[in-house]
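S.K.: the sequence and its predicted three-dimensional model are supplied below.
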Amino acid sequence: PGLAVLAKRAGLQYFGTAIDNVVLNNTRYVSIAHNRSEFDQVTPANGQKFVHIEPQRGVFNWTLANQVIKPAKKARQSVRCHNFIWHTQAPEWLEFGNWTKKELVSIMENHIKVEARYFYDTCFSWDVVNESFNDDGTFRETFWYKTLGKEYIELAFKFARKYTSPRTTLYYNDYGIEKVNNKSLAIAELVKDFIKRDIPIDGVGLQGHFRMATAPKYEEISASIAQFNKLGVETAITELDVRIELPDSPEKKAKQAEGYANAVKACVDADDCVGVTVWDFWDPVSWVPYTFPGWGNACLLDDDFNKKPAYYAVSDVL
Ligand code: XIL
(Lines give C-alpha, C1' and ligand atoms only; values in the text may rest on other atoms or scores of the structure.)
Protein backbone atom coordinates (compact mmCIF):
# COMPACT_ATOMS: atom_id res chain seq x y z
CA PRO A 1 0.00 0.00 0.00
CA GLY A 2 1.09 3.58 -0.64
CA LEU A 3 1.84 6.21 1.98
CA ALA A 4 -1.60 7.79 1.90
CA VAL A 5 -3.31 4.46 2.43
CA LEU A 6 -1.03 3.74 5.38
CA ALA A 7 -1.49 7.24 6.77
CA LYS A 8 -5.26 6.86 6.80
CA ARG A 9 -4.95 3.57 8.65
CA ALA A 10 -2.63 5.28 11.14
CA GLY A 11 -5.31 7.87 11.85
CA LEU A 12 -4.11 10.82 9.77
CA GLN A 13 -6.54 12.65 7.51
CA TYR A 14 -4.07 12.74 4.64
CA PHE A 15 -0.53 12.23 3.39
CA GLY A 16 0.27 14.67 0.62
CA THR A 17 2.84 16.35 -1.55
CA ALA A 18 3.58 19.75 -2.98
CA ILE A 19 3.60 19.83 -6.77
CA ASP A 20 5.39 22.48 -8.81
CA ASN A 21 4.51 23.49 -12.36
CA VAL A 22 7.97 22.98 -13.82
CA VAL A 23 7.68 19.20 -13.88
CA LEU A 24 4.17 18.71 -15.23
CA ASN A 25 5.44 17.53 -18.60
CA ASN A 26 7.15 14.53 -16.96
CA THR A 27 4.63 11.71 -17.25
CA ARG A 28 6.41 9.44 -14.77
CA TYR A 29 6.39 12.21 -12.19
CA VAL A 30 2.76 13.11 -12.82
CA SER A 31 1.56 9.53 -12.52
CA ILE A 32 3.07 9.27 -9.03
CA ALA A 33 2.05 12.77 -7.98
CA HIS A 34 -1.59 12.05 -8.71
CA ASN A 35 -1.64 8.48 -7.44
CA ARG A 36 -3.98 8.86 -4.52
CA SER A 37 -2.87 5.72 -2.71
CA GLU A 38 0.56 7.38 -2.41
CA PHE A 39 -0.59 11.00 -1.96
CA ASP A 40 -4.22 11.83 -1.26
CA GLN A 41 -3.56 15.54 -0.76
CA VAL A 42 -1.80 18.12 -2.92
CA THR A 43 -0.40 21.60 -2.30
CA PRO A 44 0.47 23.82 -5.27
CA ALA A 45 4.11 24.72 -4.56
CA ASN A 46 3.92 28.12 -6.24
CA GLY A 47 0.78 28.73 -8.27
CA GLN A 48 -1.31 30.30 -5.50
CA LYS A 49 1.26 32.82 -4.36
CA PHE A 50 0.47 36.51 -4.68
CA VAL A 51 2.88 37.16 -7.55
CA HIS A 52 1.21 34.53 -9.72
CA ILE A 53 -2.41 35.05 -8.65
CA GLU A 54 -2.52 38.87 -8.86
CA PRO A 55 0.45 39.87 -11.05
CA GLN A 56 -1.09 43.30 -11.62
CA ARG A 57 -3.42 45.06 -9.24
CA GLY A 58 -6.90 43.67 -9.73
CA VAL A 59 -5.82 41.28 -12.48
CA PHE A 60 -6.14 37.66 -11.41
CA ASN A 61 -4.48 34.68 -13.09
CA TRP A 62 -5.42 31.14 -12.13
CA THR A 63 -3.33 29.32 -14.74
CA LEU A 64 -0.48 27.95 -12.65
CA ALA A 65 -2.71 27.03 -9.72
CA ASN A 66 -5.16 25.21 -11.97
CA GLN A 67 -2.41 23.23 -13.69
CA VAL A 68 -1.88 21.51 -10.35
CA ILE A 69 -5.35 21.67 -8.84
CA LYS A 70 -7.46 20.40 -11.74
CA PRO A 71 -5.63 17.06 -12.08
CA ALA A 72 -5.65 16.74 -8.28
CA LYS A 73 -9.42 17.08 -8.19
CA LYS A 74 -9.77 14.62 -11.04
CA ALA A 75 -7.67 12.16 -9.04
CA ARG A 76 -9.87 12.83 -5.98
CA GLN A 77 -6.99 14.29 -3.99
CA SER A 78 -7.74 17.01 -1.48
CA VAL A 79 -6.12 20.43 -1.87
CA ARG A 80 -4.32 22.46 0.81
CA CYS A 81 -4.05 25.99 -0.42
CA HIS A 82 -0.87 28.04 -0.03
CA ASN A 83 -0.93 30.99 0.65
CA PHE A 84 -2.76 34.32 0.94
CA ILE A 85 -0.30 36.58 2.74
CA TRP A 86 3.49 36.31 2.68
CA HIS A 87 6.40 38.73 2.24
CA THR A 88 8.07 36.60 -0.44
CA GLN A 89 6.91 36.00 -4.01
CA ALA A 90 4.92 39.21 -3.83
CA PRO A 91 4.57 41.27 -7.02
CA GLU A 92 6.62 44.48 -7.26
CA TRP A 93 3.52 46.64 -7.64
CA LEU A 94 2.46 45.43 -4.20
CA GLU A 95 5.76 45.33 -2.34
CA PHE A 96 7.04 48.71 -3.53
CA GLY A 97 3.71 50.51 -3.77
CA ASN A 98 4.13 53.02 -0.90
CA TRP A 99 0.60 52.33 0.25
CA THR A 100 -1.30 54.05 3.01
CA LYS A 101 -2.74 51.71 5.63
CA LYS A 102 -6.17 52.04 4.14
CA GLU A 103 -4.99 51.19 0.65
CA LEU A 104 -3.00 48.16 1.78
CA VAL A 105 -5.90 46.79 3.82
CA SER A 106 -8.18 47.14 0.84
CA ILE A 107 -5.64 45.39 -1.42
CA MET A 108 -5.39 42.58 1.13
CA GLU A 109 -9.14 42.23 1.45
CA ASN A 110 -9.72 42.20 -2.27
CA HIS A 111 -6.95 39.67 -2.88
CA ILE A 112 -8.25 37.29 -0.23
CA LYS A 113 -11.85 37.82 -1.28
CA VAL A 114 -11.33 37.07 -4.97
CA GLU A 115 -8.99 34.12 -4.43
CA ALA A 116 -11.01 32.61 -1.58
CA ARG A 117 -14.18 32.76 -3.63
CA TYR A 118 -12.54 31.34 -6.72
CA PHE A 119 -11.27 28.34 -4.74
CA TYR A 120 -14.29 28.21 -2.43
CA ASP A 121 -15.05 24.51 -2.86
CA THR A 122 -11.47 23.53 -3.59
CA CYS A 123 -9.47 24.27 -0.48
CA PHE A 124 -10.11 22.17 2.62
CA SER A 125 -7.41 24.24 4.28
CA TRP A 126 -5.66 27.58 3.63
CA ASP A 127 -2.31 28.87 4.81
CA VAL A 128 -3.63 32.35 5.54
CA VAL A 129 -0.37 33.91 6.71
CA ASN A 130 3.09 32.49 6.09
CA GLU A 131 6.34 33.17 7.98
CA SER A 132 5.62 36.32 10.01
CA PHE A 133 8.17 35.73 12.74
CA ASN A 134 11.94 35.91 13.12
CA ASP A 135 13.75 33.05 14.84
CA ASP A 136 14.03 35.11 18.04
CA GLY A 137 10.25 35.43 18.23
CA THR A 138 10.02 39.06 17.10
CA PHE A 139 7.88 40.08 14.15
CA ARG A 140 9.59 40.03 10.78
CA GLU A 141 9.73 43.55 9.38
CA THR A 142 8.03 42.84 6.07
CA PHE A 143 6.20 45.35 3.89
CA TRP A 144 2.96 44.11 5.46
CA TYR A 145 4.33 44.74 8.95
CA LYS A 146 5.91 48.08 8.15
CA THR A 147 2.66 49.55 6.89
CA LEU A 148 0.05 47.76 9.01
CA GLY A 149 1.91 46.65 12.12
CA LYS A 150 1.30 43.23 13.62
CA GLU A 151 -2.45 43.70 13.02
CA TYR A 152 -1.93 42.57 9.44
CA ILE A 153 -1.97 38.99 10.67
CA GLU A 154 -5.36 39.15 12.33
CA LEU A 155 -6.80 41.18 9.46
CA ALA A 156 -5.80 38.43 7.06
CA PHE A 157 -7.49 35.79 9.22
CA LYS A 158 -10.67 37.86 9.53
CA PHE A 159 -10.85 38.32 5.76
CA ALA A 160 -10.07 34.65 5.19
CA ARG A 161 -12.90 33.60 7.52
CA LYS A 162 -15.26 36.00 5.84
CA TYR A 163 -14.65 34.74 2.30
CA THR A 164 -13.63 31.07 2.50
CA SER A 165 -16.07 28.22 2.98
CA PRO A 166 -16.97 27.69 6.66
CA ARG A 167 -15.55 24.17 6.24
CA THR A 168 -12.10 25.49 5.30
CA THR A 169 -9.55 25.36 8.10
CA LEU A 170 -7.40 28.48 8.45
CA TYR A 171 -3.72 28.06 9.27
CA TYR A 172 -0.75 30.12 10.35
CA ASN A 173 2.29 28.43 8.72
CA ASP A 174 6.01 28.77 9.51
CA TYR A 175 9.40 27.01 9.57
CA GLY A 176 11.82 26.39 12.41
CA ILE A 177 8.95 25.92 14.87
CA GLU A 178 9.23 22.15 15.13
CA LYS A 179 10.77 22.52 18.60
CA VAL A 180 9.72 24.59 21.57
CA ASN A 181 11.85 27.70 20.98
CA ASN A 182 11.46 31.48 20.89
CA LYS A 183 9.74 31.40 17.54
CA SER A 184 7.25 28.64 18.31
CA LEU A 185 6.53 30.20 21.71
CA ALA A 186 5.75 33.53 20.02
CA ILE A 187 3.35 31.78 17.64
CA ALA A 188 1.69 29.98 20.55
CA GLU A 189 1.20 33.42 22.16
CA LEU A 190 -0.35 34.70 18.95
CA VAL A 191 -2.76 31.76 18.88
CA LYS A 192 -3.66 32.25 22.54
CA ASP A 193 -4.33 35.92 21.95
CA PHE A 194 -6.44 35.17 18.84
CA ILE A 195 -8.56 32.68 20.75
CA LYS A 196 -9.02 35.12 23.63
CA ARG A 197 -10.17 37.86 21.27
CA ASP A 198 -12.23 35.62 18.97
CA ILE A 199 -10.00 36.06 15.93
CA PRO A 200 -10.59 33.00 13.75
CA ILE A 201 -7.72 30.50 13.53
CA ASP A 202 -7.95 26.71 13.21
CA GLY A 203 -4.43 25.46 12.88
CA VAL A 204 -0.68 25.92 12.92
CA GLY A 205 1.40 24.47 10.10
CA LEU A 206 4.88 23.29 11.00
CA GLN A 207 6.68 23.40 7.67
CA GLY A 208 9.39 20.86 8.52
CA HIS A 209 12.29 21.94 6.29
CA PHE A 210 15.12 20.11 8.01
CA ARG A 211 18.84 19.64 7.56
CA MET A 212 19.83 16.00 7.79
CA ALA A 213 22.30 16.45 10.66
CA THR A 214 20.20 18.79 12.79
CA ALA A 215 16.66 17.55 12.21
CA PRO A 216 14.67 17.79 15.44
CA LYS A 217 14.14 14.67 17.52
CA TYR A 218 10.81 12.92 17.89
CA GLU A 219 10.32 14.29 21.43
CA GLU A 220 11.10 17.84 20.32
CA ILE A 221 8.58 17.76 17.47
CA SER A 222 5.97 16.14 19.72
CA ALA A 223 6.45 18.87 22.32
CA SER A 224 6.02 21.62 19.77
CA ILE A 225 2.91 20.04 18.25
CA ALA A 226 1.48 19.63 21.76
CA GLN A 227 2.00 23.27 22.68
CA PHE A 228 -0.37 24.24 19.85
CA ASN A 229 -2.83 21.35 20.24
CA LYS A 230 -3.33 22.13 23.90
CA LEU A 231 -4.49 25.63 22.98
CA GLY A 232 -7.28 24.04 20.96
CA VAL A 233 -5.96 24.42 17.41
CA GLU A 234 -4.96 21.59 15.10
CA THR A 235 -1.54 21.15 13.55
CA ALA A 236 -0.09 19.67 10.38
CA ILE A 237 3.38 19.09 9.00
CA THR A 238 2.98 21.13 5.86
CA GLU A 239 6.26 21.14 3.92
CA LEU A 240 8.40 18.23 5.04
CA ASP A 241 11.82 17.69 3.47
CA VAL A 242 15.22 16.73 4.86
CA ARG A 243 18.17 18.09 2.92
CA ILE A 244 21.56 16.45 2.62
CA GLU A 245 24.88 18.25 2.36
CA LEU A 246 26.36 16.89 -0.87
CA PRO A 247 28.02 14.57 -1.71
CA ASP A 248 25.40 12.10 -0.58
CA SER A 249 26.26 8.77 1.08
CA PRO A 250 24.42 5.75 2.47
CA GLU A 251 25.06 7.03 6.02
CA LYS A 252 23.54 10.40 5.17
CA LYS A 253 20.54 8.72 3.56
CA ALA A 254 20.01 6.71 6.75
CA LYS A 255 20.17 9.85 8.87
CA GLN A 256 17.76 11.59 6.50
CA ALA A 257 15.36 8.67 6.88
CA GLU A 258 15.38 9.19 10.66
CA GLY A 259 14.56 12.87 10.20
CA TYR A 260 11.56 12.04 8.05
CA ALA A 261 10.33 9.22 10.27
CA ASN A 262 10.56 11.28 13.47
CA ALA A 263 8.40 14.04 12.04
CA VAL A 264 5.78 11.68 10.64
CA LYS A 265 5.64 9.62 13.82
CA ALA A 266 5.31 12.73 15.98
CA CYS A 267 2.31 13.77 13.89
CA VAL A 268 0.74 10.31 13.98
CA ASP A 269 1.14 10.09 17.76
CA ALA A 270 -0.13 13.60 18.51
CA ASP A 271 -3.63 14.43 19.70
CA ASP A 272 -4.53 16.70 16.83
CA CYS A 273 -1.94 16.63 14.07
CA VAL A 274 -4.12 16.03 11.04
CA GLY A 275 -1.71 15.23 8.23
CA VAL A 276 1.70 15.40 6.61
CA THR A 277 2.67 17.02 3.33
CA VAL A 278 6.12 16.56 1.78
CA TRP A 279 7.57 19.53 -0.12
CA ASP A 280 7.78 17.46 -3.24
CA PHE A 281 8.70 13.78 -3.41
CA TRP A 282 11.28 13.69 -6.23
CA ASP A 283 14.87 14.87 -5.68
CA PRO A 284 15.41 16.58 -9.06
CA VAL A 285 12.51 19.01 -8.63
CA SER A 286 12.98 19.94 -5.00
CA TRP A 287 13.51 23.63 -4.24
CA VAL A 288 16.51 22.73 -2.05
CA PRO A 289 19.43 22.76 -4.54
CA TYR A 290 18.35 26.16 -5.86
CA THR A 291 17.90 27.70 -2.45
CA PHE A 292 20.71 26.08 -0.48
CA PRO A 293 23.76 25.65 -2.72
CA GLY A 294 25.73 22.51 -1.80
CA TRP A 295 22.61 20.80 -0.45
CA GLY A 296 20.18 18.47 -2.17
CA ASN A 297 18.59 15.01 -2.39
CA ALA A 298 15.96 16.14 0.10
CA CYS A 299 13.04 13.96 -1.02
CA LEU A 300 11.62 10.44 -0.71
CA LEU A 301 12.41 9.30 -4.28
CA ASP A 302 15.80 9.58 -6.01
CA ASP A 303 16.62 10.75 -9.55
CA ASP A 304 15.47 7.41 -11.00
CA PHE A 305 12.25 7.39 -8.98
CA ASN A 306 13.64 4.68 -6.69
CA LYS A 307 12.29 4.70 -3.14
CA LYS A 308 15.00 5.89 -0.75
CA PRO A 309 15.51 4.73 2.85
CA ALA A 310 13.46 7.80 3.84
CA TYR A 311 10.46 6.43 1.97
CA TYR A 312 10.66 3.08 3.75
CA ALA A 313 11.22 4.76 7.12
CA VAL A 314 8.08 6.85 6.66
CA SER A 315 6.06 3.86 5.58
CA ASP A 316 7.33 1.95 8.66
CA VAL A 317 6.01 4.54 11.11
CA LEU A 318 2.64 4.78 9.40
C1 XIL B 1 9.33 27.53 -2.40
C2 XIL B 1 9.09 26.81 -3.72
O3 XIL B 1 9.21 25.41 -3.53
C4 XIL B 1 10.09 27.30 -4.75
O5 XIL B 1 9.82 26.72 -6.03
C6 XIL B 1 10.04 28.82 -4.85
O7 XIL B 1 11.03 29.28 -5.74
C8 XIL B 1 10.24 29.45 -3.48
O9 XIL B 1 9.29 28.93 -2.58
N10 XIL B 1 8.42 27.89 2.62
C11 XIL B 1 7.21 28.02 1.96
C12 XIL B 1 7.13 27.64 0.52
O13 XIL B 1 6.21 28.35 2.59
O14 XIL B 1 6.19 28.43 -0.17
C15 XIL B 1 8.47 27.69 -0.17
O16 XIL B 1 8.32 27.18 -1.49
C17 XIL B 1 9.49 26.93 0.62
C18 XIL B 1 9.67 27.53 1.98
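M.R.: Arrived safely, thanks for sending. Numbers count the residues shown, from 1 in each chain.
S.K.: how about the strands in the protein?
M.R.: Assigned strands in the chain, in chain order: 14-19, 41-44, 78-85, 123-130, 169-174, 203-206, 209-211, 234-245, 273-278, 295-296 (criterion: DSSP state E).
S.K.: and the second one, does that touch the ligand?
M.R.: No - judged by C-beta under 6 Å from any ligand atom, strand 41-44 and the ligand are separated, with a smallest distance of 8.7 Å. Bear in mind the C-beta positions are built from the backbone N, C-alpha and C, glycine included.
S.K.: list the contacts of the closest residue to residue 89 other than its chain neighbours.
M.R.: Excluding the flanking residues, the one nearest residue 89 by C-beta to C-beta, 6 or more residues apart in numbering is residue 49, at 4.2 Å. Residue 49 makes contacts with 82, 83, 86, 88, 89, as judged by C-beta atoms under 8 Å, 6 or more residues apart in numbering.
S.K.: residue 58: what's it in contact with?
M.R.: By C-beta under 8 Å, 6+ apart, the neighbours of residue 58 are residue 110.
S.K.: now swap in residue 91 and tell me
M.R.: 50, 51, 54, 55, 56.
S.K.: hmm, which of those residues are the buried ones?
M.R.: Buried subset of the contacts of residue 91 (neighbour count, 16 or more other C-beta atoms under 10 Å): 50, 51, 54.
S.K.: okay, now residue 14: neighbour count?
M.R.: Using other C-beta atoms under 10 Å, residue 14 has 22 neighbouring residues.
S.K.: residue 187 touches residue 204, doesn't it?
M.R.: Yes - with contacts defined as C-beta atoms under 8 Å, residue 187 counts as touching residue 204 at a distance of 6.3 Å.
S.K.: higher neighbour count, the two?
M.R.: residue 204 (27 against 22).
S.K.: which non-adjacent residue is nearest the more buried one?
M.R.: If the residues on either side of it in the chain are set aside, residue 204 comes closest to residue 228, at 4.5 Å by C-beta to C-beta, 6+ apart.
S.K.: how near is the one you found to the ligand?
M.R.: Relative to the ligand, residue 228 is positioned 17 Å away (C-beta to the nearest ligand atom, to the nearest Å).
S.K.: touching, that residue and residue 191? I think so.
M.R.: Yes - Residue 228 is within contact range of residue 191, at 6.5 Å (criterion: C-beta under 8 Å).
S.K.: can I get the strands of the chain in JSON lines including mean pLDDT?
M.R.: Output for the strands of the chain, formatted as JSON lines (pLDDT from 0 to 100):
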{"stretch": "strand 14-19", "mean pLDDT": "99"}
{"stretch": "strand 41-44", "mean pLDDT": "98"}
{"stretch": "strand 78-85", "mean pLDDT": "98"}
{"stretch": "strand 123-130", "mean pLDDT": "98"}
{"stretch": "strand 169-174", "mean pLDDT": "99"}
{"stretch": "strand 203-206", "mean pLDDT": "99"}
{"stretch": "strand 209-211", "mean pLDDT": "98"}
{"stretch": "strand 234-245", "mean pLDDT": "99"}
{"stretch": "strand 273-278", "mean pLDDT": "99"}
{"stretch": "strand 295-296", "mean pLDDT": "98"}
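S.K.: which ones are touching the residue nearest the centre of the chain?
M.R.: A centroid search over the chain (C-alpha atoms, centre = their mean) returns residue 238, at 3.7 Å, as the residue closest to the centre. Contacts for residue 238 (C-beta under 8 Å, 6+ apart) come out as 43, 80, 82, 127, 171, 173, 205, 206, 207, 208, 277.
S.K.: just give me the neighbour total for the second one.
M.R.: A total of 26 residues lie near residue 80 under the criterion other C-beta under 10 Å.
S.K.: what does the third one give?
M.R.: In terms of burial, residue 82 registers 27 neighbours under the definition other C-beta under 10 Å.
S.K.: between the buried ones among the contacts of residue 91, which is nearest the ligand?
M.R.: Distance to the ligand across the buried ones among the contacts of residue 91 (C-beta to the nearest ligand atom) is lowest for residue 51, with 10.2 Å.
S.K.: hmm, that closest one is touching residue 93, no?
M.R.: No - assessed by C-beta under 8 Å, residue 51 is found out of contact with residue 93, at 9.8 Å.
S.K.: neighbours of the residue of the stretch 101-250 of the chain at minimum distance from the ligand, how many?
M.R.: The ligand sits closest to residue 130 of the stretch 101-250 of the chain, with a gap of 5.1 Å, by C-beta to the nearest ligand atom. Neighbours of residue 130 under the rule other C-beta under 10 Å: 23.
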